[in-house]
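Engineer: below are the sequence and a predicted model; questions follow.
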Amino acid sequence: MLEIFSKWKANLTSADVPDQAEEGELPQHIAIIMDGNGRWAKKKGLPRIAGHREGMKVVTKIVRTASNIGIEVLTLYAFSTENWKRPKKEVDYLLGLPERYLSAELPKLIENNVQVRLIGTTENLPDHTLRAVEKAIKDTKHNTGMILNFALNYGSRFEMLEAMKSVGRKIESGELKADFITEEHIQTHLMTSKLKDPDLLIRTSGEIRLSNFMLWQLAYSEFWFTDVLWPDFKEQDFMEAIAVYQKRKRRYGGV
Ligand SMILES: CCc1cc(N2CCCCCC2)n2ncc(-c3ccc(F)cc3)c2n1
């Protein structure tokens, strides 16, 4: 896969990508907090939903790039449990985006052997959203390429609380003893139980916080923050984040 990355890099001028771009291992799992869509719209004097619409086009580009260079898992924070507090009109628009994205992209995802997955709670999600996502999960479940994991109606504290309740029930039933609980017991009860933890977290728009996203899973991840607003995020920005990750890994690899 690295040669794909090298070929991609070869097409750019040396000024485009730091020359350490092809050394060091690729991150296997990249998670992205796709922030700045409302601000992008406001800057252009457009309604917030115009930022979300533009942001979805960037999802298409970054998914394709990640799949092409061999990223194993790409997790995208699409809708948090906190997003329900937004105006109803905006929430309704947001919850229409999965079907809008999938109706355009699912055939290409299937063609590229991408497997669609979801983390989050299906509670309160409208049927039309659920139907679209469940179809994509079903239609791609046998694909063996990149895992495209959407965090939809997801909140990390809710996820961890549910995991702890499950472990607590096993203690109550006598299946588990509290003193023998390991990190693995918790991990296997999280929504991400079948995924490796993210190697790299990218957050756009200049915010430096996790916003209740994968708090357990990001314990040892590299973080890369950029002021670029998600709708302005380019393939180049994505590759720069990966190149910086590789440089960090190469340095730590030498320790
Ligand atoms: C449910 C809110 C939402 C918002 C959203 N935005 C708006 C906010 C962030 C920027 C990207 C565009 N996207 N983009 C793709 C999806 C999507 C989700 C699940 C799925 F299976 C397929 C696609 C999406 N979902």
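Structural biologist: Yep, it's here.
Engineer: correct me, but residue 79 touches residue 94?
Structural biologist: Yes - if you go by C-beta atoms under 8 Å, residue 79 and residue 94 touch, sitting 6.0 Å apart. All C-beta spots, glycine's among them, are computed from the backbone N, C-alpha and C.
Engineer: can you tell me the closest non-neighbouring residue to residue 146?
Structural biologist: Excluding its sequence neighbours, the residue lying closest to residue 146 (C-beta to C-beta, 6 or more residues apart in numbering) is residue 67, at 4.4 Å.
Engineer: wait, the one you found touches residue 111, no?
Structural biologist: No - look at residue 67 against residue 111 with C-beta under 8 Å: they stay out of range, at 10.4 Å.
Engineer: more neighbours, the two?
Structural biologist: residue 67 (20 against 9; other C-beta atoms under 10 Å).
Engineer: quick one, what contacts the more buried one?
Structural biologist: 74, 112, 114, 145, 146, 148 (C-beta atoms under 8 Å, 6 or more residues apart in numbering).
Engineer: tell me the secondary structure at it.
Structural biologist: When classified by DSSP: H, G, I helix; E, B strand; the rest coil, residue 67 comes out as helix.
Engineer: and what of the one 10 residues further on?
Structural biologist: When the structure is split into helix, strand and coil by three-state DSSP, residue 77 lands in strand.
Engineer: for the ligand, what's the nearest residue on this protein?
Structural biologist: Using C-beta to the nearest ligand atom, residue 55 is the residue of the chain that sits closest to the ligand, at 3.0 Å.
Engineer: helix/strand/coil for that residue?
Structural biologist: helix.
Engineer: what's around it, how many residues?
Structural biologist: 24.
Engineer: how about it: what's its closest non-neighbour residue?
Structural biologist: residue 37 (4.3 Å).
Engineer: just give me how far stretch 118-136 sits from the chain centre.
Structural biologist: Computed by C-alpha atoms, centre = their mean, to the nearest Å, the chain-centroid distance of stretch 118-136 equals 16 Å.
Engineer: may I have the distance across it, first residue to last?
Structural biologist: 10 Å (C-alpha to C-alpha, to the nearest Å).
Engineer: now do the strands in the stretch 151-255 of the chain.
Structural biologist: All strands of the stretch 151-255 of the chain, identified by DSSP state E, counting those that start in this stretch, fall at 200-203, 222-225.
Engineer: quick one: distance of the last one to the chain centre.
Structural biologist: For strand 222-225, the distance from its own C-alpha centre to the chain's C-alpha centre is 13 Å (C-alpha atoms, centre = their mean).
Engineer: just list whatever residues bridge to residue 222.
Structural biologist: In this entry, residue 222 is beta-bridged to residue 200, by DSSP bridges.
Engineer: so what's it up against?
Structural biologist: 27, 199, 200, 201, 245, 248, 249.
Engineer: quick one: is stretch 142-155 near the ligand?
Structural biologist: Yes - Stretch 142-155 reaches the ligand (C-beta under 6 Å from any ligand atom) through 150, 152.
Engineer: and that stretch, how far apart are its ends?
Structural biologist: 27 Å.
Engineer: same question for stretch 199-211.
Structural biologist: 18 Å.
Engineer: got the contact list for it?
Structural biologist: Identification of contacts with stretch 199-211 by C-beta under 8 Å, 6+ apart yields 27-36, 39, 77, 80, 82, 156, 214, 218, 221-230, 233, 238, 241-242, 245.
Engineer: which members of the residues you listed are classed as buried?
Structural biologist: Buried by 16 or more other C-beta atoms under 10 Å: 27, 29-36, 39, 77, 80, 156, 214, 218, 221-222, 224-226, 228-230, 233, 238, 241-242, 245, out of the contacts of stretch 199-211.
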